[in-house]
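>>> next comes the sequence, and after it the predicted model I'd like to discuss.
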Amino acid sequence: MDFKIAVLAGDGIGPEISVQGVEVMSAVCEKFGHKVNYEYAICGADAIDKVGDPFPEETYRVCKEADAVLFSAVGDPKFDNDPTAKVRPEQGLLAMRKKLGLFANIRPVQTFKCLVHKSPLRAELVEGADPGVLQADVGWNGRSGKALNPLPFLGPGKAKKILYRLQVPPIRAGGVAEAVGDRGASVPV
């Protein structure tokens, strides 16, 4: 397969992280016979310094045309310590999420046999487990004072402390279903 990956190195430690991420992704693709092309774009404080916008239209275009986005980090102390700043690096992340329709991060987790005994869960639940963490983008509506539902497909009130199994509807959770692959239709959240 051929993949086109947008790389947004961002700020702070982000450029260092993205270099390592690209190396790992390239090695994995090479091992499994895939071809990967990277297109780099600016975001965050770097983009503000260069073009005055934390998520420029050109960066949006690069992301929209890519199969995936490797996003590292945004933020810069010079904006944190300036209460008069009208544009902040984090606004780029929010714009990216909104424009690309992103609502969650999927983080794979590896279970190390030598650490199973340290788990608060029973060993039989942890050994051989192939877990992943679905980190929803949780927000707070300052105007209404209500928590925003980070997982709209769960329905109202069900996004509180959740650790249960649900059948993933294909509409909004299609990306989640694809990401978990052969783990089945039941996805732990």
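Structure received. Here the structure is a predicted model, which means the values were calculated and not measured.

>>> give me the longest helix you can find in the chain.
helix 14-31 (DSSP state H).

>>> can you list contacts of the very next helix or strand once past it?
Later in the chain than helix 14-31, the nearest helix or strand by DSSP states H and E is strand 35-41. The contact list for strand 35-41 (Cβ atoms under 8 Å, 6 or more residues apart in numbering) reads 1-9, 22, 25-26, 29, 56, 58-59, 62-63, 65-66, 70. Where C-beta positions appear, they are placed from N, C-alpha and C, glycine not excepted.

>>> helices and strands around the longest helix of the chain, which ones?
Judged by 3 or more Cβ pairs under 8 Å, 6 or more residues apart in numbering; DSSP states H and E, the packing partners of helix 14-31 are strand 2-10, strand 35-41, strand 68-73.

>>> next, the angle strand 2-10 makes with it.
Interaxial angle, helix 14-31 versus strand 2-10 (axes from the mean of the first three to the mean of the last three Cα atoms, to 10 degrees): 170 degrees.

>>> which parts of helix 14-31 are buried?
Buried residues in helix 14-31, counting neighbours by 16 or more other Cβ atoms under 10 Å, are found at 14, 17-18, 21-22, 25, 29.

>>> quick check: mean pLDDT across it?
Averaged across helix 14-31, the pLDDT comes to 93.

>>> with only the CA atoms kept, save that helix in PDB.
Output in PDB follows, covering the C-alpha atoms of helix 14-31 (Å, rounded to 0.1, in the frame of the first residue of the first chain):
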ATOM      1  CA  GLY A  14       7.400  18.400  18.800                       C
ATOM      2  CA  PRO A  15      10.000  18.600  16.100                       C
ATOM      3  CA  GLU A  16      12.200  16.000  17.900                       C
ATOM      4  CA  ILE A  17       9.200  13.700  18.500                       C
ATOM      5  CA  SER A  18       8.100  14.000  14.800                       C
ATOM      6  CA  VAL A  19      11.600  13.000  13.600                       C
ATOM      7  CA  GLN A  20      11.500   9.800  15.700                       C
ATOM      8  CA  GLY A  21       7.800   9.200  14.700                       C
ATOM      9  CA  VAL A  22       8.700   9.400  11.000                       C
ATOM     10  CA  GLU A  23      11.700   7.000  11.500                       C
ATOM     11  CA  VAL A  24       9.500   4.500  13.200                       C
ATOM     12  CA  MET A  25       6.700   4.700  10.700                       C
ATOM     13  CA  SER A  26       9.200   4.400   7.800                       C
ATOM     14  CA  ALA A  27      10.800   1.300   9.400                       C
ATOM     15  CA  VAL A  28       7.400  -0.300   9.900                       C
ATOM     16  CA  CYS A  29       6.200   0.500   6.400                       C
ATOM     17  CA  GLU A  30       9.500  -0.900   4.900                       C
ATOM     18  CA  LYS A  31       9.200  -4.100   6.900                       C
END
